[in-house]
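Trainee: predicted structure and sequence below. I'll ask about it afterward.
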Amino acid sequence: MIFERIVVWRAALRLARRDVWRNKGRSALVALMVALPVLALAAVSVLWHSDERDPQDDVRVRLGVQAQAEITYAYGVALVQTTDGRGYTTRDDPPVDEESGPATMAQFEEAVTPLIPARDQVVSEWSVDSNRNLRRGDRLLGATLREIDYTAGGLGGLLEQVAGRAPEQAGEVVVSRRLADAGVKVGERLTYRPTGDPERSLTVVGVVDGLTLENGKEIIGRPGTFVSAAVREALRPGDGTYDGGYTRSRLIVVGPDPVTWSDVLDLNERGAVVLSRQVVADPPPASQVSYNNDRYLVDTPSEVVGVMVVVIGMVLLQIALLAGPAIAVGARRNQHTLALLAATGAHRRHLRTVVLATNGVIGLVSCTVAAGLGTLLGMVIIAVLRAHDVSIVRIDVHSVDLLVLVGVGVLTSLGASLIPARQAAKLDVVAALTGRRGYSPPALRVPVLGLVLVAVGTGLAVFTSKADLPFVTVLGLGLAEVGLVAASGAIVALAARLAVHLPFSARFALRDAARQRSRTAPAVAAVLAAIAGGSAALVFMAAQEDYDHRNYRPAAASGVIAVDAITYSFDDAEPSLPRAEALLRKELPIGTLQPFRTPKSADDGVDVVLNPLLPPGFECPPLATLQGGVSISVSPSSVPDDDLGPCPGRSEPGTIDFEHGNLFDDGTALQVLTDGAAPAAAAALKAGRVVTTDPEVIWPDGKVHLSVERWSDDGQDDTRTTVALDAVPWPSGDQKLTGLVYPSVAAGKLGLELETSGFLADTTRSVSKGQEERVNDLLHTEAGVQMEVERGYVSSYTLGLLALLVAAAVVSLVGTFTAVGLAAAESRADLSTLAAVGAGPGVRRRLAAAQAGVISGLGGVLGVVSGILAGWVLIRMQHDWSSLASDEELWRLVLPWRYLLGVGLGIPLLAMLIAFATTRSRLTVVRRPGQ
Amino acid sequence: MSVEARSTEPAALPDRRPVLLSLNDAARVHGEGTAVPVRALNGVSLEVRVGELVAVMGPSGSGKSTLLHLAGGLDTPTSGDVVVDGVSIAGLSVKARAALRRRSVGYVFQDLNLVPALTAAENVMLPRELDGVGTRQARLEAREALREVGVEDLFDRFPEEMSGGQQQRVAIARALVGPRRLVLADEPTGALDSLTGEAIMKVLRARVDEGAAGLLVTHDAQHAAWADRVVFLRDGKMVESAAGSRIS
């Protein structure tokens, strides 16, 4: 039996192989649909794996080809680490005092050197990112400065000299290839001027390259090139900061002896993390490793896996549907061959096998080619990325991924040909042999099953959308879509009943669509699925935008500019508010400009925290009952046990939510912030009263009672006092300002000093985005700050909505025109008859347009309806999350009609127009076999 | 070329050759149970024995092709019985009828007889491979079948590389490859010129004489003359049966 099947499959495959080659156009169409996703995913696989580094890569990048190990400081206490040094933690929980460890890099080196193998030694490396102290001529040069003697023995492969020579004395440096590519040449002079250290003149004497450079812009010198020995001696071990830049330091072990796991454990006792070549190459048994990353990995929740499986399944279904019409037509074009086979003794199973084998061969060949091309594409993208600062150590092609992709592609191809194969197997042999075309009325079983699936799926999705069961909900949506796909043939047949009332072209197209359901139904289903997915996403995105819009609170009145020296300052320029003000006045139509002041502690080394106290006896209001009958009751323990915390689900009644710090004002800044809309609040501030948007924090005595906590760095003088200040309520309306604004005069009473940290400015004309960008560039370079313009709510979804529209249109048009093209090829005999009875040349065009309209129109309308339903379900799934915070507004169904009409009607109209414009009008006479 | 007349009188002695095809009052009604049923074949009885070639003639719509489809199990009678190689097809499943065609019956059509994507040999091998015979064995049998119809040299050629006559010879080879002994030919010379048509008939006759049996549907009396018997159909009924004439 098995032998017989093998023989049959062999014959079928032989026939398939030849048939694929003989019908290149049709085969290419199927191949394109199935193979394009494989190509894209193969490229993604190469990129993904190439971007991932394994411990061997770490060794190559950080140790070159010779060095034995890298030792870095982690804590001042004993630790445990993974064998590759990627994960580590303190050995004791809670850890002993970290201060007991080495305080400087020198001490750390001293502590760990005795623990390395006797014949080995350490080479110290230190680097700092510099953006503000390095100059090339009169321009700043951003680069990493690295101090290391890379010519020391045992560092082979770390940095390779590609031009010039290695630095031999202080003042000589080499640059990375990337910096050389950017124009820095051998012989050029650079200047480095660290704060508090003398300026150094650096001469470029060579160019180096190596994996350890991570494709970055670096300047490398011998120890002492960038910082003096005294500074370096005092540097803290491990990663830190120096002169505004991030620093990294490490010790590289060189010598003849490998650093063993036992050495690593000893070094761990001194707070050092070790990457050892020998340990990575030959890891110790698990019994000797007390810390393993795997134990701490969180499993992907099965719900997420389930949702992913359903989503991937739907994508594969979409691909199968797009390939479906070409496969169906292919099977029908082969009807005569299949009939011959049947006459020769082929059973239905044999015919199925032939159709499946044909598409299996197409899938296998095209997906194999696509996997290869995708891999090449991935490599090309990596080459491009490498040319743009991205460090990718190696190109990693996972053959298992590619095999899986090819397998999935072949299965998709086979899946797409299941129904055509089934239909081919049921062919009327006699009719096919004589070339007669039959019409089989729609079988009831499949559409009934489809409708049942639609009902069950929709029910599941709707009823579980509130129950936090995303997998079941998404599965329900998936089932409903599969049901619609299954019912699409019957829907086409049903629509054909309307044909009698329509003009000729539409009537013909509808009848032809119904008679050739094997070709039309998958195309309609493909359009339906694409538009349903697009519409669901459009509906969800519109709801998201509505949600965001309704929750948007402007930070200031529209058009107000805020410049802040704290939030928006840069390492490479000293912030200067006077320069910023002058520049702003010069470049923009500034009206009123008002500095704002934020507090700092009057005493050095002391932090001050302000908290308004809730009035005695204040009870948090019960949470609102959530929609869908789910409610959350507040248990006593969930209410804060002191009077400082907020009520659950409410905003913190703390200091004002002002992006630039706590606001202390005499009313002038508030006038600008609100564009003069809060005169009473401004007057209150001027009079020395606190204004609050939260009246509940005002005590019965008309004051706010502030808890003033003072935390000192040494922990000696921590205090908590209460200060009462007169307060008035201030409803801030739609503005983001919620909480308290303090009067400037209260600062002293609270132990605070005020400093000007920025300014607010209103404008006499609106500032465009382009102006904002241009002025921000100037502010950055000339004043070391940036500005922000309040523009009110600006939609960030427009591009996304348009992209969805385009994606839905592309998939729909591909599905439509595959079917229309195939229909045109199949309708030649009918067109010939039409020509014979005197049809004009425009008929062919009108027919093509009508066919496109039938397919994309049916798919479009049904797709939009089901997409709205799916979008509504997705929105319902969001309710629970937003309802937890009662002062946030709930999600609601918002229909983006313009976009939905664009999808449901625009795409069909576009398809009709394209079909009309691109179809040749000439009618030709062809032979009608068997008729 | 001379024509050998054959007696229209039935043989005096009973014919002891085995019957390969037997139609017993076979009828085929299309659209049975509908308002306008079409009686394509109406109670036809006919026997074809080993070594016998029977021609079926009649005007268009007389039921010739239906008769041929019933004989090969492509269709089933609505009443009566069709027995092929001793097996009644009336009660056979679709699968069993397909198996019957693989093992006992071969068709030759007017044109487009061969699968275009397969070589001559592969076309001939097809029924054997579908029957689970190993490729090597099937190839040997195909070579033998092609040799018997005189086109062994076309073994590896594709249909488009052959003339119409050559294609029909390959089709005859496929119809009689392996154990198959009944060839059902539907206008096998219809798409050929007369000389080629005669040559095909000669091949068909020769294969029948070598132990096969044949049922030939044709419009052409000259080709029908190659048959041992000619039956005439009209409106689905057999109206006449006569001895054929042999061109020698």
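Mentor: Noted; the coordinates are in hand.

Trainee: now for whichever residue of the stretch 701-850 of chain A sits closest to chain B, how many residues are close by?
Mentor: Closest residue of the stretch 701-850 of chain A to chain B, Cβ to the nearest Cβ: residue A:829 (16.3 Å). To be clear about C-beta, it is placed using only N, CA and C from the backbone, and glycine gets the same treatment. The number of residues packed near residue A:829 is 16, by other Cβ atoms under 10 Å in any protein chain shown.

Trainee: check the one 10 residues further on too.
Mentor: If you count neighbours by other Cβ under 10 Å, residue A:839 ends up with 17.

Trainee: which helix or strand contains it?
Mentor: Using DSSP states H and E, residue A:839 maps to neither a helix nor a strand.

Trainee: against residue A:339, how distant is the residue of the stretch 701-850 of chain A closest to chain B?
Mentor: Distance from residue A:829 to residue A:339, counting by Cβ to Cβ, to the nearest Å: 18 Å.

Trainee: now do residue B:15
Mentor: 35 Å.

Trainee: so the two - more neighbours on which side?
Mentor: residue A:339 (25 against 13).

Trainee: can you show me the helices along the stretch 201-350 of chain A?
Mentor: A:229-234, A:261-269, A:277-281, A:302-333, A:335-344, A:348-386 (DSSP state H, counting those that start in this stretch).

Trainee: let me redo that: chain B
Mentor: Ranges of helices in chain B, per DSSP state H, are B:64-71, B:94-103, B:120-130, B:135-148, B:164-175, B:194-209, B:221-224.

Trainee: can you tell me which of these comes nearest to residue A:496?
Mentor: For those, proximity to residue A:496 was assessed by Cβ to Cβ; helix B:94-103 is nearest, at 30.0 Å.

Trainee: near chain B, which residues of chain A show up?
Mentor: Residues of chain A lying near chain B by Cβ under 8 Å from any Cβ of the partner chain: A:3-5, A:7-8, A:10-11, A:14-15, A:18-19, A:22, A:336-337, A:340-350, A:429-430, A:433-434.

Trainee: give me the buried subset of those residues.
Mentor: A:7-8, A:11, A:14-15, A:18-19, A:336-337, A:340-348, A:350, A:429-430, A:433-434 (16 or more other Cβ atoms under 10 Å in any protein chain shown).

Trainee: now do the contacts for residue A:687.
Mentor: residue A:743 (Cβ atoms under 8 Å, 6 or more residues apart in numbering or on different chains).

Trainee: the one 5 residues further on now?
Mentor: Contacts of residue A:692 were listed using Cβ under 8 Å, 6+ apart, and they are A:612, A:653, A:698, A:704, A:727-730, A:739-741.

Trainee: what is the burial count for residue 190?
Mentor: This is for chain A. 19.

Trainee: you answered for a different chain; I wanted chain B.
Mentor: Quick note: residue B:190 (other Cβ under 10 Å) scores 16 neighbours.

Trainee: residues contacting the residue lying closest to it once chain neighbours are set aside?
Mentor: Spatial nearest neighbour of residue B:190, excluding adjacent residues (Cβ to Cβ, 6 or more residues apart in numbering or on different chains): residue B:110 at 4.0 Å. Contacts here follow Cβ under 8 Å, 6+ apart; on that basis residue B:110 touches B:186-188, B:190-191.

Trainee: and these as CSV, adding pLDDT?
Mentor: CSV is the format used below for the contacts of residue B:110 (pLDDT from 0 to 100):
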residue, pLDDT
B:186, 89
B:187, 87
B:188, 87
B:190, 79
B:191, 76
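
Trainee: for those residues, which one is nearest chain A?
Mentor: residue B:186 (8.6 Å).

Trainee: what about the closest one, neighbour count?
Mentor: 24.

Trainee: do you know how far the residue of chain B most remote from its centre is from residue A:291?
Mentor: Centroid-distance maximum for chain B: residue B:35 at 33.5 Å, with Cα atoms, centre = their mean. For residue B:35, the distance to residue A:291 equals 86 Å [Cβ to Cβ].

Trainee: and if you look at residue A:383?
Mentor: From residue A:383 to residue A:291 the distance is 38 Å (Cβ to Cβ).

Trainee: also residue A:909?
Mentor: Distance from residue A:909 to residue A:291, by Cβ to Cβ: 64 Å.

Trainee: low pLDDT regions in the stretch 501-650 of chain A?
Mentor: Counting by pLDDT under 70, the stretch 501-650 of chain A shows low-confidence ranges at A:566-574, A:602, A:605, A:618-650.

Trainee: for it, give the residue positioned nearest to chain B.
Mentor: residue A:515 (18.9 Å).

Trainee: bridging residues for residue A:596?
Mentor: Here residue A:596 sits in beta bridges with residue A:758, going by DSSP bridges.

Trainee: I'd assumed residue A:759 was in contact with it.
Mentor: Yes. Counting by Cβ atoms under 8 Å, residue A:759 is a contact partner of residue A:596 at 6.3 Å.

Trainee: quick one, what contacts residue A:490?
Mentor: A:442, A:444, A:446-447, A:450.

Trainee: show me what the strand or helix carrying residue A:35 packs onto, helices and strands only.
Mentor: Per DSSP H and E, residue A:35 falls inside helix A:24-51. Contact analysis of helix A:24-51 by 3 or more Cβ pairs under 8 Å, 6 or more residues apart in numbering or on different chains; DSSP states H and E lists helix A:302-333, helix A:348-386, helix A:399-416, helix A:798-826 as its packing neighbours.

Trainee: from residue B:109, how far off is residue A:694?
Mentor: For residue A:694 relative to residue B:109 (Cβ to Cβ), the value is 92 Å.

Trainee: residue A:426 too?
Mentor: For residue A:426 relative to residue B:109 (Cβ to Cβ), the value is 21 Å.

Trainee: between these two, who's got more neighbours?
Mentor: A direct count of neighbours by other Cβ under 10 Å for residue A:426 and residue B:109 places residue B:109 higher, at 25 against 11.

Trainee: and the pLDDT for the residue of the stretch 701-850 of chain A closest to chain B?
Mentor: On the pLDDT scale, residue A:829 is placed at 71.

Trainee: for chain A, what are the nearby residues on chain B?
Mentor: So far as Cβ under 8 Å from any Cβ goes, chain B lies against chain A at B:65, B:69, B:72, B:74-75, B:94-95, B:98-103, B:105-107, B:109, B:112-118, B:122, B:125-127, B:129-135, B:174.
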